[in-house]
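Engineer: For reference, the sequence and a predicted model appear below.
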Amino acid sequence: MAKKDSYEIVFLTCTETGERNYTVRRKLKGTKLELMKYCPKLRKHTKHIEKKK
């Protein structure tokens, strides 16, 4: 049987528009994600931060 890892699904939310553009799986432990991702509404790369459901 496969080993069950502890993952959670989180949303990456744009800091400028507040829209949830991406969903990612990440491990439970660690710091919050902050990535530069593409925002389709603004048509440019902006900072996206992790938000839970």
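Structural biologist: Nice, thanks for sending it over.
Engineer: Show me which residues of stretch 7-16 are buried.
Structural biologist: Neighbour counts using 16 or more other CB atoms under 10 Å place 10-14 of stretch 7-16 among the buried residues. C-beta here means a position set from N, CA and C on the backbone, and glycine is covered the same way.
Engineer: and the residue nearest in space to the middle of the chain, what is it in contact with?
Structural biologist: When CA atoms, centre = their mean is applied to the chain, the residue found nearest the centroid is Leu12 (2.7 Å). If a contact means CB atoms under 8 Å, 6 or more residues apart in numbering, then Leu12 has 20-24, 33, 35, 37, 48-51 as its contacts.
Engineer: what's the most distant pair in the buried residues of stretch 7-16?
Structural biologist: Val10 and Cys14 (14.1 Å; CB to CB).
Engineer: quick revisit: restricted to buried residues, select the contacts of Leu12 in ChimeraX.
Structural biologist: Here is the ChimeraX command that selects the buried residues among those (16+ other CB under 10 Å):
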select :21,22,48,50
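Engineer: Next, format the contacts of Leu12 as TSV and append secondary structure.
Structural biologist: Formatted as TSV, those follow (DSSP: H, G, I helix; E, B strand; the rest coil):
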residue	secondary structure
Arg20	strand
Asn21	strand
Tyr22	strand
Thr23	strand
Val24	strand
Leu33	coil
Leu35	strand
Lys37	strand
His48	strand
Ile49	strand
Glu50	strand
Lys51	strand
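Engineer: with the contacts of Leu12 in mind, which one is nearest to Ser6?
Structural biologist: Val24 (14.9 Å).
Engineer: what about Glu19, how many neighbours?
Structural biologist: Applying other CB atoms under 10 Å, we find 14 residues neighbouring Glu19.
Engineer: repeat for Thr31
Structural biologist: The number of residues packed near Thr31 is 6, by other CB under 10 Å.
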